[in-house]
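In: generate coordinates for the sequence data below:
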Amino acid sequence: MLRYRETLGLLPPVRDRPGRSGAPGHRHRRFGDADLDAVAMALELEHRYDINPAALAFGLRVLAEPQVRTAVADLGRRLGRLPATPGRALDFEKEKALRLLAMSQRRRP
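Out: You can find the predicted model right below:
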């Protein structure tokens with residue numbers, strides 16, 4: 001399970017420990033208090049929001065990668081789960097106002 005979480009990016013990076021001669025040694029997992037707190041927080045979020053580790057990892061990716069964030073937000077707007085962006089809402093209102101203005105000008109003799 002640790003390797004799975006590591007591949008998802010849900011574990012702190014592995015720290016190298018030098019060998020006895022000072023050369024790079026084997027990669028051992030060494031967790032400090034902050035690392036353990038991060039792992040515990042990930043587990044707590046998974047339980048609280050009833051999500052799996054892959055879903056949590058994707059949520060982190062959405063937050064970290066602007067292109068992914070934009071694509072997911074666009075999907076959310078298309079599905080009606082997110083409000084339209086202010087720019088798009090203003091464009092809609094502008095088009096509506098222009099149509100009404102054109103209609104009112106056609107009615108005038």
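In: so where's this protein uncertain?
Out: 14-27, 86-89, 108-109 (pLDDT under 70).
In: could you pull out the helices for it?
Out: 2-8, 33-48, 53-64, 66-78, 86-107 (DSSP state H).
In: out of those, deepest packed?
Out: Burial of the helices of the chain is given as mean neighbour count (mean count of other Cβ atoms under 10 Å); helix 53-64 ranks first at a mean of 14. For every residue, glycine as well, the C-beta is placed using N, CA and C.
In: other residues contacting that one?
Out: Helix 53-64 is touched from outside by 4-5, 8-10, 42, 45-46, 51, 68-69, 72, with contacts defined as Cβ atoms under 8 Å, 6 or more residues apart in numbering.
In: what's the farthest-apart pair in those?
Out: With Cβ to Cβ as the measure, no two of the contacts of helix 53-64 lie farther apart than Tyr4 and Arg69, at 24.6 Å.
In: off-centre distance for stretch 93-105?
Out: How far stretch 93-105 lies from its chain's middle: 39 Å, per Cα atoms, centre = their mean, to the nearest Å.
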